[in-house]
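[1] A structural model of the following input is requested.
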Amino acid sequence: MINLKNDYCYIAHPRIMEKLNQNLDNTYVGYGLDEHTKKASDLIKNVFKCKKADVHFLTGGTITNKILIAHCLKPFEAVISADNGHIHVHETGAIEATGHKVLVVNNSDGKVKADDVEQIVVKHTDEHMVRPKMLYISNPTEYGTIYSLSELKELYTICKKLNMYLYVDGARLACALMANENTIQASDLAKYVDAFYIGGTKNGLMMGEALVIVNDCLKEEFRYTQKHFGGLLAKGFLCGLQFEALFENNLFFEIGAYQNNLANLLTEGFKQLGIQFFTQTRTNQVFITIENDIVEQLSKYVMFDIWERGSNQTTIRFVTHYKLEVSQVNEVIHLLEVLTKERN
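    Below is the predicted model:
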């Protein structure tokens, strides 16, 4: 069975495991106050050119989003998201559980448009409604598409105009930065967002995300909020060690590029078969729409996500990962070719 269901289906990249194994007999202070966590933080600040930023390590994406948003917003303030945004659809009401409303705008190929942000803010006029204070986006988006630098600048400009924060969910940030069409450099994030997180769980780590707070107004007492919501890991050095390994020898970018390359191979193979695409992805998520009976047959050999089920056709998602091999990609393409021919 070939696993293309997600990019967190193995324990960790060998170089991450090597780092952990090298330090099995060492002893550490807790809660991220150790030397490896500091080094990981410094490496991230250097790569993203944000020497004055604060870096905090958490275990997963949902808890990172929940804690950061709760920390930044007053009780009556809300966060804006695309209607397919992770905080709106796939986080089980985690943001709402903190008392903050998620306001949604229609996505455009997975992305949020500046005009839509302004329109929803204008509609919330006084103290009888929540006040939009933060814009949440993810890069890549839920559809595997990416923001251009001009789009990011436009969103940042409208957020500053409306006195809002811009926050980027970077669960698959490595793939966005290494996409062929990408125009956003790592250093641009520190210039045009107030906070962002760097995904490790979906990029080779056992677990872990690195939250980077750029805006000075949001830095104060974050660790209190982190502890309050149960996100301050006692064995914080586990995240520190892994992120140190991820950034000390360019592994972060290597994994992102590798995953993208395999997704591109998959995409090209599907194009040659005349397969219908749900969206034109730019990163390591590939969405296709095929007949339901083919979906059923393919599921006997390949693991994937059901994205949108229809009466005759279903959209499915493939996600490439660091452990996937070119031969497996070719096998999936061949399987789909055979199943399509058999049906016709």
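
[2] quick one, phi psi at the nearest residue to Thr145 once chain neighbours are set aside?
    Excluding the flanking residues, the one nearest Thr145 by C-beta to C-beta, 6 or more residues apart in numbering is Gly110, at 4.5 Å. C-beta here means a position set from N, CA and C on the backbone, and glycine is covered the same way. Backbone geometry at Gly110, expressed as degrees, to the nearest 10, gives phi 90, psi -10.

[3] quick one: residues contacting Tyr147.
    By C-beta atoms under 8 Å, 6 or more residues apart in numbering, Tyr147 lies in contact with 111, 137, 139, 141, 155, 176, 184.

[4] now, of those, which are buried?
    For these, a neighbour count by 16 or more other C-beta atoms under 10 Å gives the buried set as 111, 137, 139, 141, 155, 176, 184.

[5] from these, which land in helices?
    155, 176 (DSSP state H).

[6] the buried ones among the contacts of Tyr147 in strands, which ones?
    Ile137 (DSSP state E).

[7] and the furthest pair within the buried ones among the contacts of Tyr147?
    Leu155 and Ala176 (14.6 Å; C-beta to C-beta).

[8] you'd agree Ala53 is up against Ser187?
    No. Counting by C-beta atoms under 8 Å, Ala53 sits too far from Ser187 to count as a contact (11.5 Å).

[9] between the two, which has more neighbouring residues?
    Set side by side, Ala53 and Ser187 show more neighbours around Ala53, with 21 against 11, by other C-beta atoms under 10 Å.

[10] could you pull out the strands for the protein?
    For the chain, applying DSSP E gives strands covering 2-3, 54-58, 77-82, 102-105, 131-138, 165-169, 195-199, 209-213, 276-277, 285-291, 302-303, 305-309, 313-319.

[11] quick one: which of those strands is nearest Ala263?
    Ala263 lies closest to strand 285-291 among the strands of the chain, at 5.4 Å (C-beta to C-beta).

[12] how far is that closest one from where the chain is centred?
    Remark: strand 285-291 is offset 20 Å from the chain centroid, using C-alpha atoms, centre = their mean, to the nearest Å.

[13] buried residues in that strand?
    285-291.

[14] again, but for stretch 305-312
    Quick answer for stretch 305-312 (16+ other C-beta under 10 Å): Trp307.

[15] the residue nearest to Gly230 when sequence neighbours are not counted and Leu238, how far apart?
    Once flanking residues are discounted, Gly230 sits nearest to Ile63: 7.6 Å by C-beta to C-beta, 6+ apart. Remark: distance between Ile63 and Leu238 (C-beta to C-beta, to the nearest Å) = 15 Å.

[16] which one of the contacts of Tyr147 sits closest to Gly274?
    Thr141 (25.6 Å).

[17] contacting residues for the closest one?
    Counting by C-beta under 8 Å, 6+ apart, Thr141 has contacts 82, 84, 107, 109-111, 147.

[18] most surrounded residue in those?
    Within these, Ala82 tops the neighbour count with 26 neighbours, counted by other C-beta under 10 Å.

[19] okay, it: pLDDT?
    Ala82 is assigned 99 on the pLDDT scale.

[20] by how many degrees do the longest helix along the chain and strand 285-291 diverge?
    If you go by DSSP H, the chain has its longest helix at helix 251-272. Here helix 251-272 points in a direction 20 degrees away from that of strand 285-291 (axes from the mean of the first three to the mean of the last three C-alpha atoms, to 10 degrees).

[21] what residues does helix 251-272 touch?
    The contact list for helix 251-272, computed with C-beta under 8 Å, 6+ apart, reads 7, 13, 15-16, 47, 144, 172-180, 198, 203-204, 245-246, 277, 281-286, 288, 318, 320-322, 324, 326, 329-330, 332-333, 336.
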